[in-house]
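J.: Return atomic coordinates for the entry below.
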Amino acid sequence: MSEPAAADLDDTLAALADPLRRRAVELLAERPRRAGELAVELGTTASTMSKHLRVLRTHGLVSDSHPDFDARVRIYSLRSAPMAALRSWLASAEAGWADQLDAFAAHVERDA
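T.: A predicted model of the protein is given here:
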């Protein structure tokens, strides 16, 4: 993995390290939402939700937009690129682990 890709993965994992942010990502995977909606659904305050959304936005996991009807409202949506990179990294790590388990099983069967 290249250095920039590794740094991006580190950012994604750091942003997802908090349980409230992970739950916000799960909700945003269902559909875009306003910060206030997320705060209510997650049982937290608007200011706390704002801080968590800032972290997610800074690390590139979410984007925000303003609907035409009210420029003061921000609608947050999940960005797919960081999640795709995370899935790719997990698949690669899992494949390596599976290969090691297969090699160990073959070794045990040879010696049995």
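J.: Show me the shaky parts of this protein.
T.: Regions of the chain meeting the criterion pLDDT under 70 cover residues 1-6, 96-107, 112.
J.: Surely Ser65 and Arg74 touch.
T.: Yes - shown here, Ser65 and Arg74 form a contact pair, counting by Cβ atoms under 8 Å, at 7.2 Å. Just so you know, the C-beta spots here come from the backbone N, C-alpha and C atoms, and that holds for glycine as well.
J.: For these two, indicate the residue with more neighbours.
T.: Taking other Cβ atoms under 10 Å, Ser65 and Arg74 do not tie; Arg74 has more neighbours (18 against 11).
J.: His66 against Arg74, yeah?
T.: Yes - at 6.3 Å, His66 counts as touching Arg74 under the criterion of Cβ under 8 Å.
J.: what touches both of the two?
T.: When Cβ atoms under 8 Å, 6 or more residues apart in numbering defines a contact, no residue borders His66 and Arg74 alike.
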